[in-house]
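Novice: Prediction below, plus the sequence it came from.
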Amino acid sequence: MPLLPSYQKNPKGDEESLPLFDADSNEHDELPAYPPRLGESSGSTTHNVTYTFVPRWPIKGEQKDALGVLGDTKEETISIVQRAFPILSTYPPNKIEISSLVEIDVQNGSGRRADERWCMIMDEAWSGFRSNPPKRLRVQIADDPRDEEKRMRRERWHTALTILAITSPFILFFLSLFYLALNYEDN
């Protein structure tokens, strides 16, 4: 059987026989990794938050939700949001608005009721989120100086066209009845 390979045992100290990492050494486990390994902590607790991206005209797209961690600062949170919603990475960080959902007591005729609204988050408030994190955050692109005016004009035009589309069949029906009534009297 001369065609079979012959194997030889190398001496224990031979350089080629040593493994790349020694089984007793934990040097490679201490290196930082992203995403962080399970069970590791950076010293602070992380809070999960639901991010809701709300595109407003002229930005095309649909509302999307993502569950992520809350950043310690506004800048860190914006970088998390830009990874979650790729369209946001095309905008500079100062154009990205983040709002929090808050409960506001509203007094009406029958008593008080809680109303939920989105409110702007000031830079000083981010430090308070470590102890009292929000459950939801809304993300959107800040308006340019004339974007809000253009959007309102577009919404009014859209509403007018919708009303016209709904009422035009009735108007045409009554005009045709009026026309038939006039022609009927002439005969």
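Specialist: Noted; the coordinates are in hand.
Novice: mind listing what's buried in stretch 89-107?
Specialist: Buried residues in stretch 89-107, defined by neighbour count with 16 or more other Cβ atoms under 10 Å: 96-100. (Glycine included, C-beta is placed from N, CA and C.)
Novice: If you could redo that for stretch 56-70, that was the one I meant.
Specialist: 68, 70.
Novice: From one end of that stretch to the other, what's the distance?
Specialist: Terminal residues of stretch 56-70 lie 23 Å apart, using Cα to Cα, to the nearest Å.
Novice: Does anything pack onto the host helix or strand of Asp105? Which helices or strands?
Specialist: Assigned by DSSP states H and E, Asp105 falls within strand 96-108. Packing partners of strand 96-108 (3 or more Cβ pairs under 8 Å, 6 or more residues apart in numbering; DSSP states H and E): helix 74-84, strand 111-120, strand 136-141.
Novice: run the last query once more with 10 Å
Specialist: On a contact count with 3 or more Cβ pairs under 10 Å, 6 or more residues apart in numbering; DSSP states H and E, strand 96-108 meets strand 48-53, helix 74-84, strand 111-120, strand 136-141.
Novice: so what strands line up beside that strand?
Specialist: Within its sheet, strand 96-108 is paired with strand 111-120 (antiparallel), strand 136-141 (antiparallel), according to DSSP bridges.
Novice: Contact partners for the residue positioned nearest the centre of the chain?
Specialist: By Cα atoms, centre = their mean, the chain has its centre lying nearest to Phe53, at 3.5 Å. By Cβ atoms under 10 Å, 6 or more residues apart in numbering, the contact list for Phe53 reads 59, 61-66, 81, 84-85, 87-88, 96, 137-141.
Novice: Please repeat the previous calculation with a cut-off of 7 Å.
Specialist: 63-64, 85, 139 (Cβ atoms under 7 Å, 6 or more residues apart in numbering).
Novice: Which pLDDT value goes with Glu185?
Specialist: Model confidence at Glu185, expressed as pLDDT, equals 67.
Novice: hey, what's the residue nearest to the centre of the chain bridged with?
Specialist: Counting by DSSP bridges, the residues bridging with Phe53 are Lys64, Val139.
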